[in-house]
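Chemist: No sequence on hand, only this structure:
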């Protein structure tokens, strides 16, 4: 899926450049402190991990933009830290999370007050791998793979007429699917779920082409898996407090 997102981004970037003059390319990289939580009928627990983030944004002089983002990190989870799993109960198992998104949108700047509005639509994927080496007999891991469409909007407000940077807020809605798979071959597919995301950020330009971003992001979804004979629910949330450096060309 990541490969298809990368190929799609290259195609759309080419189309963006061909339709209007490319005004700016922005690259960014950073780290975050993230919390991943699961709850529902059978799985409950969380993982605190520190992913690295990379992004690339193509912007045109008309206000249209294309953003490609990747993040990933590893840690441990405590999903199996429950007496129900005895005698294979485990307080700590391996954890891995990967995310990718391709977003296109348009922004509009109010020249009088410096406030910018934006709307966007795109595709997003995520993959969570829960290790099961200690707490399971034959199973070594479980994965939850999500993919779908996201859309939303936001606004950016200048601080001290832009001399001290800007504060941004955004809110989005996602229509996502989810597939659960276990290492021994068991699997289940969730019904399409509607969830939401939100974020706040502060951007400070150190120079005209270089700066820093501090942000907080949250994503929340609830999925219904299985069929009428064996249904089960999984609630998934990911939150992250991060910092990034960016450079504009």
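Modeler: Okay, I see it. Since this is a predicted model, take the numbers as computed values, not measurements.
Chemist: To what extent is residue 171 buried, counted in neighbours?
Modeler: Residues lying near residue 171 (other CB atoms under 10 Å) number 12. Placement of C-beta: from N, CA and C, glycine included.
Chemist: when you give positions from now on, start the count at 157
Modeler: Taking 157 as the first residue, the last one we looked at is residue 327.
Chemist: What segments of the protein are helices?
Modeler: Counting by DSSP state H, the segments of the chain that form helices are 158-175.
Chemist: Lowest average confidence across helices and strands of it, where is it?
Modeler: helix 158-175 (a mean of 52; mean pLDDT, DSSP states H and E).
Chemist: mind listing the strands in this structure by residue range?
Modeler: Per DSSP state E, the chain carries strands over the ranges 178-196, 201-205, 208-216, 220-233, 249-265, 272-287, 297-314, 322-338, 343-345, 349-361, 366-381, 388-404.
Chemist: Compile those into CSV and extend it with columns for mean pLDDT.
Modeler: What follows is those, written out as CSV (pLDDT from 0 to 100):
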stretch, mean pLDDT
strand 178-196, 92
strand 201-205, 92
strand 208-216, 95
strand 220-233, 94
strand 249-265, 94
strand 272-287, 95
strand 297-314, 95
strand 322-338, 95
strand 343-345, 89
strand 349-361, 96
strand 366-381, 96
strand 388-404, 95
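Chemist: Tell me what the closest residue to residue 328 other than its chain neighbours is bridged to.
Modeler: What sits nearest to residue 328 in space, not counting adjacent residues and going by CB to CB, 6 or more residues apart in numbering, is residue 308, at 2.9 Å. Beta bridges link residue 308 to residue 276, residue 328, judged by DSSP bridges.
Chemist: give me every residue that touches residue 308.
Modeler: 275-276, 326-329, 353 (CB atoms under 8 Å, 6 or more residues apart in numbering).
Chemist: Kindly write the ChimeraX command that selects the buried subset of those.
Modeler: Buried residues among those (16 or more other CB atoms under 10 Å), as a ChimeraX selection:
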select :276,326,328,353
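Chemist: farthest-separated two in the contacts of residue 308?
Modeler: 275 and 353 (14.2 Å; CB to CB).
Chemist: Got the confidence number for residue 176?
Modeler: We have a pLDDT of 56 for residue 176.
Chemist: For residue 179, see how far away the closest residue to residue 336 other than its chain neighbours is.
Modeler: In this structure, residue 336 finds its nearest non-sequential neighbour in residue 344, 4.9 Å apart by CB to CB, 6+ apart. For residue 344, the distance to residue 179 equals 46 Å [CB to CB, to the nearest Å].
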